[in-house]
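> I'll drop the sequence and a predicted model, then ask my questions.
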Amino acid sequence: MRRRTYLKTAGAATIAGLAGCAATPTGNGTDRPPRATIDGTPSGTLTVATYSSFTGEGTAGNYLKQAFEDEYPNVTVEFTVPANGVNQYIQRKRSGASIDADLYVGINTDDLVRADAELDDSLFMHSQDYLDRKDALKPALEIDPQGRAVPYDTGYISLVYDESAIDAPATFDDLLDPTYEDSLITQNAQQSDPGKAFLLWTIDAKGEDGYLDYWADLLDNGVQILDDWQPAYNAYMNEEAPMVVSYSTDQVFYGADADLTRHQIGFIEDQGYANPETMARFEATDQPALARLFMDFILQPEVQGQVAERNVQFPAVTDAQLDETFAELAHEPPEAVTFTYDQLQGKVDTWTDEWARQVASK
Amino acid sequence: MMSRWVERAALPVGVLATLATLAVVFYYPVATVLAEAVLDAGSPTLGPLLDVLSDPFYTGVAHHLFVDPLGVPAGLLDWIARGFPDVRLGLFGFTAYQAALSTVASVVLGLPGAYVLSRYDFRGRRTLRALTIVPFVLPSIMVAVGFVAMFGRTGLLNDVLTGLGLGRVELLYTLEAIIVAHAFYNAPLVTRLVTTAWESVDRRQVESARAMGASPLSAFRDVVLPAILPSLLTAALLTFVFTFMSFPIVLALGDLRLATVEVWVFARVQALDLSEAATLATLETVLSLALTYLYLRYEARQRSTSGAGQSLPRKSLTVGWQTLRSPTRLAIFAYGVVAVVVFVGPLLSLLVESVTAPDGSFTTAYYEFLLAQQASTAVGTTRPLPAIVNSIVYGVGTLALAVPMGVVVAILATRGGRGSRLAEAILTAPLAVSGIVVGLGLLQTMVFGTVLFGYRLTAAGPIAIVAAHAAAAYPFVTRNVAPALGGLDSRYRDAARSLGATRLRALLEIELPLIGAAVLAGAAFAFAISVGEFDSTVLLAEGVDSYTMPVALERYVNNRSLGPNLGPATAMGTVLLLVTGLSFVAIDRLGGRWEP
């Protein structure tokens, strides 16, 4: 069986699936609540749970708060930044503690898989079909078969390399060549998003039964596996190795006028691994309509352009208004691959664990 | 008399208050997590423990003990017959191995420092002694930045080495790098603890030994060594326990190939596989506590009585041109060079990084970033000044809470009697429990709340943070104070008591002033633990306004407004170094009047 499935086809299947079972409760025991509506002027406080670099001076979060509050003067947007991300809410729900937030911004596919695996009732509620902007979404980024998590941007995992030191490897097998000995830094898939994406990319390329053998060879060829993106990138910038696993938007940080020798983007197999970031309303929210309004707001063409540029990611809608320089410096892979929710379900933990055990046993 | 009644009640109340605080911010939270290791849906089980112990990935060759205990002798003979080939260590074995090497390195690097600081006099000695503790508070990501800039392929050390025509070294991402980084953190612990003990050696005892004809060497062996050995072993034990549970530094400077048990605990918690995480953490804790218990039994036997007299006289470090003809002094300078490379090198590199742009040019952009954050009115902005103020306030609060707690436990420990070693070992548990588990426990019990009488009680914010820091910090006070208190001649106290002083008055007015140096060292550690603490602070920092310097630094690590570099974080790291450095000097100066 060919394991690689592109999100495009999966997305289409998902929509068909949803249409087919719209009259019956969807999986995971969740009934779809009716579309919440607002009578009169939107008002109240919307609590948005997110990760720390989404808020603060100059961020996408700060822009969203300002713009949303300008649009709806009776609304206040508040951010909350739990130290352990989505896990905080999975654990809260499991122990019966209150959720205290209306929606979560920054959910990965495997976060959603884990939330569903850990809980009997879904942590999040359906949103997608109720969004005015649902048709503008890029189908390839729709990760949730149940339409709860809706993408707002995506990154593509790629190599960043120093063209004065090395040529980009064309294939995964090239990385095993002596030319690339001690040349690559990646991240621990147990705790780093790009590290996990790179591992999944190799599983996509080498198959569930072949990836561990591939990694054994990669380790023999001197790949370095550091704990997270920041130390890995810092090590790359200090010339510890001429290649690092990172994002294909790297050049945006430096601008067209900078020397981009050390910021070349390498798409192995002419691919990049898509890592969509999604948002979802908590089942426990008492502001479902306001939260939906906020989600639709994030998907407006102008707002999408701002979110993408400030978050240094690609927009999730087809009609985003992007700055020209951004479009020029942010490279999109010829082909995007990613595992769908259904493919990761029941698998991703085992894959990661077996990989980590193999590495640590070296 | 009322006040006398209060004085009598003070110690028992102190004991109860200490135990109550620990129960709320340590024992109960940790128990809720570790229970997952031995409970399955409420009923006791050994399943998870046996699963881990019989898994060769975790226990290596030792898994045979749990899979096939009867086959072990035959296997052992077979191994001998095959000429002792390498055996698989497993995750626990490797973790212990790197911890043992790290402990040796920390002692080798820290002990000469204690010798110099306690036996020689030179300008800035007291300041240097106060600053030895600074590496202790540095977040691991900053140590990683400093190490890459100092020991990396294009780092300062290689620049110097190639400049001298000595070739270059590839140190990063090896076991050696982790060991040096562990020594960077823990050698100061050795230096600090041993210096305190060495300075408390009574000069009269050495002088009378010499007067009775002992050679300098045998005077050292019979008088000085017994006095400093307990503190040296305490430091070695603490270093072993810390490096056994080391986590962020291993992956920041090593590689996943060099993973420790704690790395797995974290990964299991991330995957919400709490049962396996709890099992691994339980085994870590059992091993650490067993070592602590064995050590405490040893220490209790070793306690030598000492009076409190004058310290040994210090020699001058420099004696003009004669300095160059003194082998000891030359060796000290050679040690100084090594110490500068290992300790000052990374810190200085961090400072240089904070004013260096990605292209290598000089920049003040990162400090301007800090000022801009301070001036910003945007919500969610992390401002440096509140972080500094919070860190100092929590640090002082921790010190104020942890010192009495530590002293109370030290009194319990030195009182002797059945089971007091065991009680002390259990009371030392905050040192022996994985930080990840403590954080998870606090999250489950205090942040999510605990249901009592139908109400869900939650606690977070400054008071919870200080209490959690004090629980982590008081064992350092105890470990400094207990040996000194135990070593104190009981006649001082007995004399005071026979003159009618209460136990509290004897303690406050006679005993503690006599061991002021140990109390002061404990206080400095308490402050350091609080300032450097990250895991529970970030969980208990309610809302956005209770963040501390390490929390702010972590947020700046993820701030991309100046591009994907660690510049803003290194600027905050430098601020952290300056603020804590000044604080330690201030603690030393303020506490100095207490010293004999």
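Arrived safely, thanks for sending. Numbering: from 1, shown residues only, chains lettered A, B, ... in the order given.
> From here on, just use CA atoms for contacts and neighbour counts.
Will do.
> does residue B:479 really touch residue B:235, like I thought?
No: using C-alpha atoms under 8 Å as the test, residue B:479 is too far from residue B:235 to be in contact (9.1 Å).
> Common neighbours of the two, please.
By C-alpha atoms under 8 Å, 6 or more residues apart in numbering or on different chains, residue B:479 and residue B:235 have no common neighbours.
> For residue B:265, what are phi and psi?
When read as degrees, to the nearest 10, the backbone of residue B:265 gives phi -60, psi -50.
> My understanding was that it contacts residue B:281; is that so?
Yes: if you go by C-alpha under 8 Å, residue B:265 and residue B:281 touch, sitting 6.7 Å apart.
> Those two: which is more packed in?
residue B:281 (27 against 24; other C-alpha atoms under 10 Å in any protein chain shown).
> for the more buried one, what are its contacts?
So residue B:281 contacts B:34, B:262, B:265, B:433, B:434, B:437 (C-alpha under 8 Å, 6+ apart).
> try it again with 7 Å
B:265, B:434 (C-alpha atoms under 7 Å, 6 or more residues apart in numbering or on different chains).
> More neighbours: which of residue B:479 and residue B:235?
residue B:235 (27 against 23).
> Quick check: which element contains that one?
helix B:225-244 (DSSP states H and E).
> other SSEs contacting that helix?
Helices and strands touching helix B:225-244, as assessed by 3 or more C-alpha pairs under 7 Å, 6 or more residues apart in numbering or on different chains; DSSP states H and E, comprise helix B:90-119, helix B:175-199.
> quick one: which of those helices is nearest chain A?
Nearest to chain A among the helices and strands packed on helix B:225-244 is helix B:90-119 (7.5 Å), distances taken as C-alpha to the nearest C-alpha.
> tell me the mean pLDDT for the helix holding residue B:235?
The pLDDT scores in helix B:225-244 average 91.
> Buried residues of it, list them for me.
Neighbour counts over helix B:225-244 (16 or more other C-alpha atoms under 10 Å in any protein chain shown) mark B:227-244 as buried.
> All the helices of chain A, residue numbers only.
Per DSSP state H, chain A carries helices over the ranges A:7-20, A:60-71, A:86-94, A:109-118, A:193-206, A:211-220, A:229-237, A:288-298, A:301-311, A:324-329, A:341-344, A:348-360.
> I'd like those helices as CSV, with mean neighbour count appended.
As requested, the helices of chain A are exported to CSV (neighbours: other C-alpha atoms under 10 Å in any protein chain shown):
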stretch, mean neighbour count
helix A:7-20, 16
helix A:60-71, 18
helix A:86-94, 19
helix A:109-118, 20
helix A:193-206, 22
helix A:211-220, 18
helix A:229-237, 23
helix A:288-298, 21
helix A:301-311, 21
helix A:324-329, 14
helix A:341-344, 17
helix A:348-360, 17
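> and chain B, which of the ones you listed is closest to it?
Comparing these under C-alpha to the nearest C-alpha, the one sitting nearest is helix A:348-360, at 4.3 Å.
> sorry, back to before: could you tell me how far the helix holding residue B:235 lies from the centre of the chain?
11 Å (C-alpha atoms, centre = their mean, to the nearest Å).
> now it and helix B:175-199, what's the angle there?
Put simply, helix B:225-244 runs at 150 degrees to helix B:175-199, going by axes from the mean of the first three to the mean of the last three C-alpha atoms, to 10 degrees.
> which bits of chain B sit near chain A?
B:148, B:152-154, B:251-252, B:255-259, B:267, B:376, B:378-381, B:448, B:538-539, B:543, B:555, B:558-559, B:561, B:563, B:565 (C-alpha under 7 Å from any C-alpha of the partner chain).
> For PyMOL, what selects the buried ones among these?
To isolate the buried members of the residues of chain B next to chain A in PyMOL, using 16+ other C-alpha under 10 Å:
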select buried, chain B and resi 148+152+153+154+251+252+255+256+257+258+259+267+376+378+379+380+381+448+538+539+555+558+559+561+563+565
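> of all the residues in the stretch 1-150 of chain A, which ones are close to chain B?
So far as C-alpha under 7 Å from any C-alpha goes, the stretch 1-150 of chain A lies against chain B at A:52, A:53, A:55, A:56, A:57, A:58, A:62, A:80, A:83, A:92, A:97.
> of those residues, closest to chain B?
Chain B has its nearest neighbour among the residues of the stretch 1-150 of chain A next to chain B in residue A:56, at 4.0 Å by C-alpha to the nearest C-alpha.
> List the contacts of the residue of the stretch 51-200 of chain B found nearest chain A.
Nearest residue of the stretch 51-200 of chain B to chain A, counting by C-alpha to the nearest C-alpha: residue B:153, 5.9 Å away. By C-alpha under 7 Å, 6+ apart, the contact set of residue B:153 is A:239, A:240, B:170.
> SS state for the last one?
The three-state label for residue B:170, taken from DSSP: H, G, I helix; E, B strand; the rest coil, comes out as coil.
> quick one: it and residue B:357, what's the gap?
Residue B:170 sits 24 Å away from residue B:357, taking C-alpha to C-alpha, to the nearest Å as the criterion.
> One more: the first one?
As judged by C-alpha to C-alpha, residue A:239 and residue B:357 stand 15 Å apart.
> And for residue B:329?
When residue B:329 is compared with residue B:357 (using C-alpha to C-alpha), they lie 41 Å apart.
> out of the two, which sits in the busier spot?
Between residue B:329 and residue B:357, residue B:329 has the larger neighbour count (other C-alpha under 10 Å), namely 19 against 15.
> Spatially nearest residue to that one (excluding sequence neighbours)?
Spatially, and ignoring its direct neighbours in sequence, residue B:329 is nearest to residue B:323 (6.3 Å; C-alpha to C-alpha, 6 or more residues apart in numbering or on different chains).
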